[in-house]
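1. here you go, sequence then predicted model.
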Amino acid sequence: MRQKILICDDHKIFREGLRSLLEQHSGISVAGEARDGLEAVRLVRELAPDLVIMDISMPGLNGIEATRKLAKLRRPPQVIALSMHNDRKYVTEILKAGARAYLLKDSAFDELLDAIKAVACGRYFLSAGITSIVLDDYLKGPSRDPRSAFTLLSDREREVLQLLAEGMSTKEISRNLELSVKTVETHRKRIMEKLAIKTIAGLTRYAVREGLVSL
């Protein structure tokens with residue numbers, strides 16, 4: 001049975017290169033490409049892929065929040081995180097969000113094929129460099145920073161924070177997330193209260209530090 005795959009990454013050259021490699025295999029069909037998390041969620045609803053190869057650091061909606069949204073769909077696809085980040089925060093949060101595999105972008109292509117096969121069989125798959133992070137969390141218990149955005153903020157608040165940090169106005173966020181302007185303003189106020197940050201510049205620095213946006 002052919003695996004129907006959606007590639008989600010904000011770099012066009014990377015998407016096209018990965019698509020070319022994947023389409024050389026008879027058991028794989030690339031259904032489409034998404035430039036960010038929001039487009040990935042929309043295309044999953046339209047194309048119903050079996051699997052999404054998901055980057056983490058993307059504009060609009062990062063891969064962690066996109067994976068969380070996909071997990072809530074009636075027929076969620078499997079998700080393989082393919083990222084340049086080996087930071088514990090990224091690994092643990094996207095696995096908690098519902099990803100079944102985590103690979104680093106410097107992995108060999110054969111390792112990605114192994115991950116696709118493992119996930120298709122209902123198993124988890126981790127790059128060698130990631131395994132120690134997950135085992136450490138399992139043995140010691142996860143150590144969440146009490147000041148982390150993933151601890152303090154709701155899913156929606158993190159989405160609003162990301163867009164604020166990317167420079168969007170309240171009206172732009174309203175259109176982007178299909179919320180009323182008043183609702184966005186309420187979220188922004190609550191974010192500032194929870195984080196004890198009073199300026200957009202401060203929120204931006206916090207979002208960068210938390211990995212919600214990239215420099």
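-> Yep, that arrived.
2. helix or strand next in line after the least confident helix or strand in the chain by mean pLDDT, which one?
-> Every helix and strand in the chain was compared by mean pLDDT, DSSP states H and E; the lowest is helix 128-140, with a mean of 74. Moving toward the C-terminus from helix 128-140, the next helix or strand (DSSP states H and E) is helix 149-152.
3. what's the closest non-adjacent residue to the residue most central in space within the chain?
-> When Cα atoms, centre = their mean is applied to the chain, the residue found nearest the centroid is residue 63 (1.2 Å). Leaving out its chain neighbours, the residue that sits closest to residue 63 by Cβ to Cβ, 6 or more residues apart in numbering is residue 56, at 4.0 Å. Yep, even glycine has a C-beta here, placed from its N, CA and C like the rest.
4. in this protein, which spans are helices?
-> For the chain, helices defined by DSSP state H occupy the ranges 12-22, 37-47, 63-71, 88-97, 109-120, 128-140, 149-152, 155-165, 170-177, 181-195, 200-210.
5. pick the most buried one from these.
-> Most buried of the helices of the chain, by mean neighbour count (mean count of other Cβ atoms under 10 Å): helix 63-71, with a mean of 24.
6. need the residues that contact that helix.
-> Residues outside helix 63-71 that contact it (Cβ atoms under 8 Å, 6 or more residues apart in numbering) are 8, 36-38, 40-41, 44, 52, 54-58, 61, 76-77, 79, 81, 83, 90, 93-94, 97-99, 155, 158-159, 162.
7. okay, angle between that helix and helix 88-97 too, please.
-> 10 degrees (axes from the mean of the first three to the mean of the last three Cα atoms, to 10 degrees).
8. send me helix 63-71 as PDB with only the CA atoms.
-> C-alpha atoms of helix 63-71 as PDB (Å, rounded to 0.1, in the frame of the first residue of the first chain):
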ATOM      1  CA  GLY A  63       5.200  22.600  13.700                       C
ATOM      2  CA  ILE A  64       4.400  21.900  17.300                       C
ATOM      3  CA  GLU A  65       1.100  23.800  17.300                       C
ATOM      4  CA  ALA A  66       0.300  22.400  13.800                       C
ATOM      5  CA  THR A  67       0.800  18.800  15.000                       C
ATOM      6  CA  ARG A  68      -1.400  19.500  18.000                       C
ATOM      7  CA  LYS A  69      -4.200  20.700  15.600                       C
ATOM      8  CA  LEU A  70      -3.800  17.700  13.300                       C
ATOM      9  CA  ALA A  71      -4.100  15.300  16.300                       C
END
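9. mean confidence score for that helix?
-> For helix 63-71, mean pLDDT is 96.
10. gap between that helix and the chain center?
-> Computed by Cα atoms, centre = their mean, to the nearest Å, the separation of helix 63-71 from the middle of its chain amounts to 6 Å.
11. distance between stretch 29-48 and the chain's centre?
-> Averaging C-alpha positions (Cα atoms, centre = their mean) puts stretch 29-48 13 Å from its chain's average.
12. other residues contacting that stretch?
-> Against stretch 29-48 from outside (Cβ under 8 Å, 6+ apart): 2-10, 12, 15-16, 19, 22-23, 49, 52, 54, 58-63, 65-66, 69-70, 73, 75, 77, 176.
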